[in-house]
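> Just a sequence and a predicted model for now, questions to come.
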Amino acid sequence: MRRIWVMCGAASILPLAGCSGWQSALDPKGPAAGELAWLIWFFTALCTLVWLLVMIALIMTLIRRARPIGDPLVLDATSERHKTRIVFAALGATAVILIGLTLLSFFANRTLAVIGSDAALTIRVTGHQWWWEVRYENSQPNRILTTANEIHIPAGEPVRFILTSTDVIHSFWVPNLAGKLDLIPGHENVLDLKADKPGVYRGQCAEFCGAQHANMSTFVIAEPRPIFDAWLNDQLRPAAPPASPEAKAGHDLFLKRPCVMCHKIGGTMAGGSVAPDLTHVASRQTLAAGTLTMSRGNLAAWIADPQGIKPGAYMPVVDLNGDELNAIVAYLEGLR
Amino acid sequence: MRSDLSRLVFGTSAIVVLAILAALTWWLQRTDRVIREANNATGGIATRAISIMMANGCAGCHTITGVPGAHGLVGPRLDATLATKVYVGGVLSNNPENLIRWIRVAREINPHTAMPSTGISEQEARDIAAYLYALR
Amino acid sequence: MNRCLPLLLFAMLAIAGCQREERDTRPQSALGSGKQPTPVTVLTPGGERPSPSDNKAAAFEANAFHLSQGKRLFNWFNCSGCHANGGGGMGPALMDKKWIYGGAIESIHATIRDGRPNGMPSFRDRVPDDQIWELAAFVRSLSGNVPSSAAPGRDDDMMVHPSENRLPNAATLGKSP
Amino acid sequence: MKQVQQVAVKIWGACQRGYKAMARIDGRTKLGMIGWTLLAGFALVAGAVAQPAEPAIRPPAAAAPLDDGQWTMPAKNYASTRYSELAEITEDNVKTLQVAFTFSTGVNKGQEAAPLVVGDTIYIVTPFPNILYALDLARPGAPMKWKFEPNPEPAAQGVACCDVVNRGAAFSNGRIYFNTLDGHTIAVDAATGKPVWNTHIGNINIGETITMAPLIVKGKVLVGNSGGEMGVRGWIKALDAGDGHVMWTAYSTGPDAEVLIGPDFTPHYDMDKGKDLGVTSWPPDAWKIGGGNVWGWISYDPDLDLIFHGTGNPGPWNPDLRPGDNKWTSGIFARDPDTGNAKWFYQWTPHDLHDYDGINEQVLLDMTWQGKPRKVLVRPERNGYVYLLDRTTGEVLSAVPFGPVNSSKGVDLKTGRLIVNPEKETSTGKVVRNICPTASGLKDWQPSAFSPKTGLLYIPHNNLCMDEEGVEVNYIAGTPYVGMNVRMIAGPGGHRGAFTAWDVAAAKPAWILKENFPVWSGAVVTAGNVVFYGTMEGWFKAVSATTGKLLWQFKTSSGIIGQPITYRGPDGHQYVAILSGVGGWAGAIVSGDLDPRDATAALGFANVMKDLKDVTTPGGTLYVFRLP
């Protein structure tokens, strides 16, 4: 019997193992997420405690032998006073706990609100069906960087996110770093966060936004400041010119075929902005908003049959023969 | 009467369990043998292949038995029939060395194929070939 | 039994609701190429000829999904830059009943794919054929001649005009702003 | 003389006040007062009489030479006054004006061109297909001498924003120079109609067209491109008038070397100083598709040896895609005509939010401003202000709105910056209502005229407001790059157009005529004190230059959006000419047969012109008038 209890206990702890990792609100890696995690734990603990107390009281009442019931119309003053006291005590305790929790969450909110008040970096994230447009704002316009799906931030520094959308409501949620916040068309929401340590944190759209909502993820990559600066400077360069004859053919095809209608590659005639910016696409770790890892094969697979990988996504199946497909892949692979 | 019934039930159950166990044993042995044969033939390790195939895009174009998310319709289906096919990629005769070459540098063999030269290492290609041959 | 019958019918009806429309987002080569030539004029020497029929056109013409995709692409590919939201500008109006090069979906498809000499660019190779069909279907719907169940929704933003199937007749529109 | 007059006015005023107290004053003082009054009165009269002989404000003589009765460039002269010294037609006799002859161009699109008159010939250039006609004025009925058909590429019509107009040709040294919609500049022998050279400078495949009238300065043909709605990078080129080769090209965006900004560049305001601002004031790559097209008017000052030209709006209209000041769009350049090198620049509308192209005409004047003689440039600008600039330095002397403006709150004369009204800022997904003026500006390209006799600038303009909503925008070369839903409405008062006489010295309107439709035609003013302009209903009007009183009007066959001119015919009499034919952006609803149910048609202009279709139809006719 005892062994069963132990096994049950062990089994119930097992799911908690899933709480750590690169996409978990219970494994905070920054002050905003930390504040929220602390709240979660505290709320859960307190509520569990209250629940246990209530259960104990209930069980005690059930177990206690029933006293003979007197005349219900005759009130026993002492007993009534006693009962009233208990009710009011419980009421008071409830009020105190609720007010306490309210205050806790209020102060947690205040803490969240000031995290990014001195943020040196502002990143504008625009939700699209089904990818993220990421723009690094800068007071010097020619140092504004637009990229997609992969967000690099300096570790240990507060970062301000401005969240908006162009089509439907999305929600930006990187559980290890911050709470979720909606991206609303025509409206700007502000989310501040800080990653304490370098690392890769997965984010996911947290508001159902259509067919490929599940495959709308992002990666926040926190790096030490010098590495981040180097990355930013690197990304500001125009796209690498095609290095091989095959890549050159791919470059020409890219500009001749439907690719050019939606995508941008800096330094070329391709200036589309309704699909991810591909200027440095091969430097990213994933493809199609975190759906595939970046590799030549995955690039080819995604171009050849996006509808097989993300059915309903807005990237169409384009009629390309083997040579054309490989040429475009060779070109894109060189865009580091 | 009652004991007869229980005996019948017990006996049938025992036979069924034994049959299942026997089938399982046979199956495991067969799988073991098939994997071992495939590993030996290709010089790869079949069990390492799934993550390689997912990372390098095989899963994007092919439907591959046993690989999660591999529902691609671009290239041919890779399943138990692969080992019995006569040609690889429509040009090479089907043997382990040819399959490994095809996986690595398909476009050197047939420059017009849509299958990209994946750029993976020789050993990774051997692992994949082992996995694919072990599907039978 | 009598009481069960309606229940059974209702259950069957509910089960029918499980029937989901297939969205063919990949090109359906089996549906015909859609590349039958469509004349721009109705005049043909030699008397009447059979009107062109194409499976592909039928699959797109009154399909709500394709029409809504067409509406999205109409903005994405800057059709709206020239034709506004159907009223025209640099290009002719599309929501009226006047079709310079023919109002059949095949003609519109040909116009988008091959262009027309007086300013309409050719989108051949720039837009996949199925998307051209979606665009052609949407353009045709602008003049309010698709079933209202299929017509795309109103532009909510500035409410530039009601949805394509609810437009008032031009003649009944207020004369002076 | 003016000072004498001012003193006289003061004394006169003092005397007037004095009369009221007269009863309590003794006779001797009274007598003295009357004497002073008489003296002051005399001085006033003398001043008034002397004024025309010595006008306070006038164009520099070198830029506006004595009138020879011809009309060789659309703006009449380098100072762009559109003022004729012909005075046969006067305020008194204009009411008898009658048609001398008419001529159908055969093209039913917006006729924005000014006819040219050289010697005995009148030249007119039509909208696409840009046919050039020469009519013989010496023979009765002005029969056709020759016509030249350049046969431009029809596909160019598909990338021409706002109708397929042409704003006129220019004459110099025995040749007519004009541009075609598909990006050619052509020189034609004025006598024979044979082409001399034809230079291809615009690429329609990236959306480039040419609609402007060229200006010929020192043997160079100055031409700029159109395409601010197509993500085209703006430029102005100088072509050799002799053989048509490109001598210099100055871009409106990009690195200094391509904008032709060198050591000579001395802008007046700090906001225009810095290296490569044409790159650094844009997000990466955005300047390459950033507009700033030079499709409007150029003026030239021979004394300073500078040309002045505006630059168009930055692209796209949706400002979210181009944070920064977006140099050098929506501004004005002063350049050396020989090298193209920029001398100064001033930006009317930094980081333009509402398509305020800066391409309007600039009238070059010499005047006294705050006691000092100044070489100025008067510019009624699209953003709603009449600017007075020192044309030697680019300093803003004054900027006063000439109609309802709420998109900005004035111009900071210290920094030169337009003070933007944050309530009217546009962005993606946001609907901003009632922005005045509209994308078409309080005044668009339609050129004004200046009379040194009255000191008034006659401004044909719009009175419109608009709702705007930024929308997602996608750059595809050769397609529109706008990103804005626009819906225009009539401005305060309900009338959609106005004709304002602007007192340049006092910087306030002298009188305003309300018009039902936007006044999309140019204006011309004569020494006979008559101003001519046309309306979109088709009325060709003559009003008094001093009071604005309507003196005469004639209903033409179509709406008027052209530029009137006046000339002395071979018979020695004064004629007035105008092209009638509705179109342009404002008239696109008629010339392009747009559907009024869509409020955003014609970039929002169709909404406010719904009834134009009931009033006029397309046309294309030259009307020439004379006294009986």
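Looks like it arrived, so ask away. Residues are numbered from 1 along each chain as shown, chains lettered A, B, ... in the order given.

> Alpha carbons of stretch D:613-627, as CSV, please.
Coordinates of the C-alpha atoms in stretch D:613-627 are reproduced here as CSV (Å, rounded to 0.1, in the frame of the first residue of the first chain):
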residue,chain,number,x,y,z
LYS,D,613,-19.6,62.9,-63.9
ASP,D,614,-23.0,64.6,-64.0
VAL,D,615,-21.5,68.0,-64.9
THR,D,616,-18.9,67.3,-67.6
THR,D,617,-17.5,64.7,-70.0
PRO,D,618,-14.0,64.1,-71.3
GLY,D,619,-12.8,66.4,-74.0
GLY,D,620,-9.7,68.0,-75.5
THR,D,621,-10.2,71.3,-77.3
LEU,D,622,-8.1,74.4,-77.7
TYR,D,623,-10.1,77.6,-77.3
VAL,D,624,-8.7,80.9,-78.4
PHE,D,625,-10.5,84.2,-77.6
ARG,D,626,-10.1,87.8,-78.8
LEU,D,627,-12.0,91.0,-78.7
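
> Which helix in chain B has the most residues?
helix B:2-42 (DSSP state H).

> buried set for the next helix or strand after that one?
The helix or strand immediately downstream of helix B:2-42 is helix B:49-55, counting by DSSP states H and E. Buried residues in helix B:49-55, counted by 16 or more other CB atoms under 10 Å in any protein chain shown: B:49-50, B:52-55. For the C-beta atoms, the positions are set from N, CA and C on the backbone; glycine is no exception.

> So is stretch D:179-191 next to chain C?
No. Using CB under 8 Å from any CB of the partner chain, stretch D:179-191 never reaches chain C; the gap is at least 10.3 Å.

> tell me the contacts of B:Ile120?
B:52, B:56, B:103-104, B:128 (CB atoms under 8 Å, 6 or more residues apart in numbering or on different chains).

> what does chain B have sitting close to chain A?
So chain B meets chain A at B:54-61, B:71-74, B:107, B:111-119 (CB under 8 Å from any CB).

> Show me just the buried residues among the residues you listed.
The neighbour-count test (16+ other CB under 10 Å) marks B:54-61, B:72, B:74, B:107, B:113-118 as buried among the residues of chain B next to chain A.

> Name the nearest residue to A:Asp192, ignoring sequence neighbours.
A:Gly116 (2.6 Å; CB to CB, 6 or more residues apart in numbering or on different chains).

> and the gap between that neighbour and A:Thr164?
17 Å (CB to CB, to the nearest Å).

> now swap in D:Leu321 and tell me
Counting by CB to CB, the gap from D:Leu321 to A:Thr164 is 14 Å.

> can you check D:Asn463 too?
D:Asn463 sits at a distance of 35 Å from A:Thr164 (criterion: CB to CB).

> try D:Pro323
15 Å.

> How about A:Val200?
25 Å.

> of these two, who's got more company?
Per other CB atoms under 10 Å in any protein chain shown, whichever of A:Val200 and A:Thr164 has more neighbours is A:Thr164, with 22 against 14.

> Show me what the more buried one is bridged to.
Judged by DSSP bridges, the bridge partners of A:Thr164 are A:Thr126.

> per-residue confidence at the residue in the stretch 151-300 of chain A positioned nearest to chain D?
With CB to the nearest CB as the measure, A:Gly186 is the residue of the stretch 151-300 of chain A nearest to chain D, at 2.9 Å. For A:Gly186, the pLDDT comes out at 86.

> list the contacts for it?
So A:Gly186 contacts A:164, D:428-430 (CB under 8 Å, 6+ apart).

> Now, these that are in strands?
Those of these mapping onto strands are A:Thr164, per DSSP state E.

> what's the closest of the contacts of A:Gly186 to chain B?
Ranked by distance to chain B (CB to the nearest CB), these are led by A:Thr164 at 31.3 Å.

> was I right about that closest one contacting D:Ser427?
No. Taking contacts as CB atoms under 8 Å, A:Thr164 lies outside contact range of D:Ser427: 9.3 Å.

> hmm, back to that, gap between the residue nearest to A:Asp192 and chain C?
As judged by CB to the nearest CB, to the nearest Å, A:Gly116 and chain C stand 31 Å apart.

> got any ranges where chain C has weak pLDDT?
Where chain C drops to pLDDT under 70, the residues are C:1, C:28-39, C:48-55, C:154-177.

> show me the contacts for the residue nearest to the spatial centre of it.
By CA atoms, centre = their mean, the mean C-alpha position of chain C lies nearest to C:Ala137, the distance being 1.8 Å. Applying CB under 8 Å, 6+ apart to C:Ala137 gives the contacts C:60-63, C:66-67, C:70, C:105, C:146.

> will you turn these into a markdown table that also has secondary structure?
What follows is the contacts of C:Ala137, written out as a markdown table (DSSP: H, G, I helix; E, B strand; the rest coil):
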| residue | secondary structure |
| --- | --- |
| C:Phe60 | helix |
| C:Glu61 | helix |
| C:Ala62 | coil |
| C:Asn63 | coil |
| C:His66 | helix |
| C:Leu67 | helix |
| C:Gly70 | helix |
| C:Ile105 | helix |
| C:Val146 | coil |
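
> out of these, who's nearest chain D?
Taking the contacts of C:Ala137 together and measuring to chain D by CB to the nearest CB, the closest member is C:Gly70, at 15.6 Å.

> That closest one - how many residues pack around it?
Neighbour count of C:Gly70, defined by other CB under 10 Å: 25.

> next one: B:Glu97
If we define neighbours as other CB under 10 Å, then B:Glu97 has 13 of them.

> Show me the contact partners of the helix or strand it falls within.
Following DSSP H and E, one finds B:Glu97 within helix B:96-109. Outside of helix B:96-109, the residues within contact range by CB under 8 Å, 6+ apart are A:326, B:41-42, B:88-89, B:91-92, B:113, B:115-120, B:122, B:125-126, B:128-129, B:132-133.

> repeat that for 6 Å
Contacts to helix B:96-109, defined as CB atoms under 6 Å, 6 or more residues apart in numbering or on different chains, come from residues B:41-42, B:88-89, B:92, B:113, B:115, B:117, B:125-126, B:128-129.

> swap in stretch D:133-152?
D:101, D:120-124, D:129-132, D:180-182, D:186, D:188, D:193, D:569-570.

> Please indicate which of those are buried?
Using 16+ other CB under 10 Å as the threshold, D:101, D:121-124, D:129-132, D:180-182, D:186, D:188, D:193, D:569 are the buried ones among the contacts of stretch D:133-152.
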